[in-house]
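# How does the following fold in three dimensions:
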Amino acid sequence: MAKKWVWPTISLILTVFLISWYMSANTNKPNTENVVPFSAHLNAEDQAEHEQKLKILNEDIVMSSTLNKAEAFNDINKLTGIISYKEAKIKLNETLAEHPHFVYLKWEKDNERVQLGTIPSFSSDEGMQALNDIRNVVMQNQQYISPLVKADDDTEYQVVVSKKNNVTATVYIKQSVIPLVEKHQKNNLRLVPYPLETARSEYETVHANSTEPLNVLTADDNERASHFYDNEVVVKFDSMLTEEQLMRIENEINGSKVLNLNDVYIFKSNSKNTEALMNYFSKTWNSVYSEPHYIYITNTMDNTNDQQSYGVMPNDALFNQYQWNLSQISTPTGWNYSKGSNQVTIAVLDTGVNFSHPDLQARVQKGLNADNANASAEDDVGHGTHVTGIIGAQVDNNEGIAGISWYNNILPVKVLNGSGYGSTYAVAQGIIWATDQGAKVINMSLGNYAQADFLHEAIQYAYNHDVVLIAATGNDNTNRPGYPAAYPEVFAVGATNSNRDRAVFSNYGEYIDVVAPGDGIPSTYLNGQYAALSGTSMATPHVAALAGLIRSINPALNNEQVMDIMRQTATDLGNPGYDIYFGHGEINVEKALALAANYNGTIQSYAKDIKAKANKIIEKK
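Numbers count the residues shown, from 1 in each chain. Prediction:
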């Protein structure tokens, strides 16, 4: 039966803004009778949180548009500095190749002209008025950016014009980034039930760490929910199975082996559900463990200091005006100590990366697609590209943003698919593969509220190989431990805003190590563009980049020492000392690198004790 989610009217402005999101029907969702409107599930506190998240979402959208306008002006102004027809032709081809959202480029000087691409068709009064405005601007030697103009095919464009001396440059920009940011941030900030695909028949949505169905799924239920592939199970045996044993199992479960990693297997049945499969392997085979095959989901809201003027100031176009986050954690002054090293690799387990992005293409390695072995690690969501840019967008190249690391190699590992989620197997495989490739830091801006032994074993494998594992806590404003962040071997990260307050969405609890900026963070995005996103997903790569810088300035440090340095040097926020909202505080790049250069090797042991307590919380729920 059809099921419609009816969302509350927050304000007159937001009503128009949200109507295209929340009034759509999903014909496959179960439990459709007597559906209660979303607002009925929210108490006053939750309603206030929901409204704050909507405000953050709107700010992300506005900032994303602003970032791309600013970057477009930067590219156009470069073109107005070209006085040679031959050079203009080369540069226009390069610019168009780097920016797929530029559909038309034109350079004019006196009677010479270079133009590439196709001008969209505008026959409406609004479109014609925009074209007239452009002509007037060109005559007056001005810079101009048009409002959003809808072409005849209903696609929206903006036109940017700049004139300097006798040179005029014009670009038509397809505004593709805004709907992408909208769609992504609805999931990332948990404004909708996630993942939307759990409504399909092959997935189950359950109470965390159980197989008990969660029948009424709204955004407010996110913190209580886990998701796994129905009819699948992850099983660990004492040893690898023989062919005869595999044939017997496949016959008895009426299914097949999907994958295996050494003595851990994933089986899928055509007739048994997950719970029945778990019972079968526990009783018939006395397995070491059997558990659901969980789904992991992305965890994706100006403050300067007196020392900033003494730090390194790169020339990236968006750095000074928009990257408040780097100043807040003393990154420019930290660069006086270290800018990173290509001998230390940072792996990003996420949705992949936009390999051709002009701000990333020189920094990223080939990587792996753990979700689909036959495909590349190319990003089709944007989340992984955004996370990667925070860590290592090329610095001092007059382009876009500055990453925190100037030189560390970045290894993209695509463990989340085009819908923004991935399986236990993909994440575990990605961790093991990245470790075997020599990664010294692994960033995981993803999570689930259920523990999985298979994933924990992969975590322990990486930890025992001296990898610094860093993960996001989640965006549900809950104290329920999220995994992998809550595992003792993992460094857990919450989010702050530009006022150094805890971001409204940021999860909290006794397992959190530190916090970092995660509200309205500018970074790279799909198709050579830029976007501002909010979430603990955005906070986590700040910490991963810092870990990379620490391992660069002092390669002799082990993973526990690196984590200890970040805890010791964090700026204390909230209640004095460690607290459940900010952990040890907000990371400080300058102080961490200064300590790393002269670290005495004394580790504060209480951090593991705190995480041990956190792991007990879930047992009581």
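# drop to CA atoms for contacts and neighbour counts, all remaining ones
Will do.
# hey, which helix or strand in this structure has the poorest pLDDT?
helix 12-22 (a mean of 27; mean pLDDT, DSSP states H and E).
# what's across from Y265 in the sheet?
V235, N260 (DSSP bridges).
# my guess is it contacts L246, does it?
No. The criterion here is Cα atoms under 8 Å, and Y265 misses it with L246 at 10.2 Å.
# Can you check which residues contact both of the two?
Each of K257 lies in contact with both Y265 and L246 under the rule Cα atoms under 8 Å, 6 or more residues apart in numbering.
# more crowded one of those two?
Y265 (20 against 14; other Cα atoms under 10 Å).
# Strands of the stretch 151-300 of the chain, start to end?
For the stretch 151-300 of the chain, the strands defined by DSSP state E, counting those that start in this stretch cover 156-164, 167-174, 203-207, 225-236, 255-261, 264-269, 289-298.
# can you redo these as TSV with mean pLDDT and distance to P412?
Shown next, in TSV, are the strands of the stretch 151-300 of the chain (pLDDT from 0 to 100; distance: least, Cα to Cα, whole Å):
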stretch	mean pLDDT	distance to P412
strand 156-164	82	32
strand 167-174	86	27
strand 203-207	45	27
strand 225-236	76	24
strand 255-261	82	21
strand 264-269	89	24
strand 289-298	75	15
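# Rebuild those as a markdown table, extending it with distance to N443.
Listed next are the strands of the stretch 151-300 of the chain as a markdown table, based on distance: least, Cα to Cα, whole Å:
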| stretch | distance to N443 |
| --- | --- |
| strand 156-164 | 35 |
| strand 167-174 | 32 |
| strand 203-207 | 26 |
| strand 225-236 | 21 |
| strand 255-261 | 22 |
| strand 264-269 | 24 |
| strand 289-298 | 12 |
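# Near N251, how many other residues are there?
12.
# Break this structure down into its domains, please.
Here the domain assignment for the chain is 82-174, 220-296, 316-598, based on automatic domain parsing.
# pLDDT of the last one, averaged?
It refers to domain 316-598. Confidence for domain 316-598, expressed as mean pLDDT, is 94.
# one step back: looking at the domains of the chain, which is buried most?
domain 316-598 (a mean of 25; mean count of other Cα atoms under 10 Å).
# what's the spacing between stretch 384-394 and its chain's center?
The chain centre lies 9 Å from the centre of stretch 384-394; the measure is Cα atoms, centre = their mean, to the nearest Å.
# which residues touch it?
With Cα under 8 Å, 6+ apart as the test, stretch 384-394 has contacts from 348-354, 359-360, 362-363, 379, 401-408, 410, 445, 522-526, 531, 533, 537-538, 541-542, 544-545.
# repeat that with 7 Å
348, 350-354, 359-360, 363, 379, 401-406, 523-526, 538, 541-542, 545 (Cα atoms under 7 Å, 6 or more residues apart in numbering).
# do stretch 158-174 as well
The contact list for stretch 158-174 (Cα under 7 Å, 6+ apart) reads 76-77, 79-80, 101-110, 138, 141-149, 156-157.
# Go through those and flag which are in helices.
Residues of those located in helices (DSSP state H): I76, N77, L79, T80, V138.
# so how far is stretch 400-409 from its chain's centroid?
16 Å.
# Doesn't K86 belong to a helix?
Yes. Counting by DSSP: H, G, I helix; E, B strand; the rest coil, K86 is part of a helix.
# how much space between the residue of the chain most remote from its centre and Y85?
Ranking residues of the chain by C-alpha distance from their mean position (Cα atoms, centre = their mean) puts N111 at the top, at 47.1 Å. Applying Cα to Cα, to the nearest Å, the value for N111 to Y85 is 10 Å.
# what's the answer for A402, then?
Taken as Cα to Cα, the span from A402 to Y85 is 31 Å.
# Over to K283?
With Cα to Cα as the criterion, K283 and Y85 are 77 Å apart.
# Next, I404: secondary structure please.
Counting by three-state DSSP, the backbone at I404 sits in coil.
# Oh, that last question was meant for G422, not what I typed.
Under three-state DSSP, G422 comes out as strand.
# So what pairs up with it in the strands?
Under the criterion used (DSSP bridges), G422 bridges to Y296.
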